[in-house]
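Trainee: got a predicted structure plus its sequence, pasted below:
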Amino acid sequence: METCRCGVRLRRFWVWEDTNRVSHASAFEPSSGLLRTVYAATARDALLPLSMDPRLPKHDVHDADDPAVVWDGRCSALEAAG
């Protein structure tokens, strides 16, 4: 089971792109357009590291295929400061 450094349980999400080039995150594997598989707390968290959005996800996001790839969440920054 994957967890964030703060202890929140992460679920598997498939990030995919539709025919209009809009990214989505789903708990179900898509039939086409797969971009990446990640472990995240929410679909929103799963999308943020792969978008051009400068905001951080609330909790860490882990790449499902490469354990060395982790995008830090806001909760991790708060733990490091405290």
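Mentor: Looks like it arrived, so ask away.
Trainee: tally of neighbours for the spatially closest residue to Thr37 that is not a sequence neighbour?
Mentor: Excluding its sequence neighbours, the residue lying closest to Thr37 (CB to CB, 6 or more residues apart in numbering) is Ala64, at 3.9 Å. Every C-beta, even on glycine, is put in place using the N, C-alpha and C of the backbone. Per other CB atoms under 10 Å, the neighbour tally for Ala64 reads 16.
Trainee: just the helices in this protein please.
Mentor: Remark: helices assigned in the chain by DSSP state H are 43-47, 74-81.
Trainee: of the ones you listed, which shows the lowest average pLDDT?
Mentor: Across these, the stretch with the lowest average pLDDT is helix 74-81; it has a mean of 70.
Trainee: OK, contacts around the nearest residue to Cys6 once chain neighbours are set aside?
Mentor: With sequence-adjacent residues excluded and distances taken as CB to CB, 6+ apart, Cys6 is closest to Cys75, at 4.3 Å. Cys75 is in contact with 4-6, 8, 58-60, counting by CB atoms under 8 Å, 6 or more residues apart in numbering.
Trainee: in this structure, which residue is most central in space?
Mentor: With distances taken as CA atoms, centre = their mean, Ala46 lies nearest the centre of the chain, 2.6 Å away.
Trainee: contacting residues for that one?
Mentor: 13, 15, 25, 38, 40, 57, 61.
Trainee: just to revisit the earlier point, between all of the contacts of Cys75, which two are at the greatest distance?
Mentor: Across the contacts of Cys75, no pair lies farther apart than Arg5 and Lys58, at 12.4 Å, counting by CB to CB.
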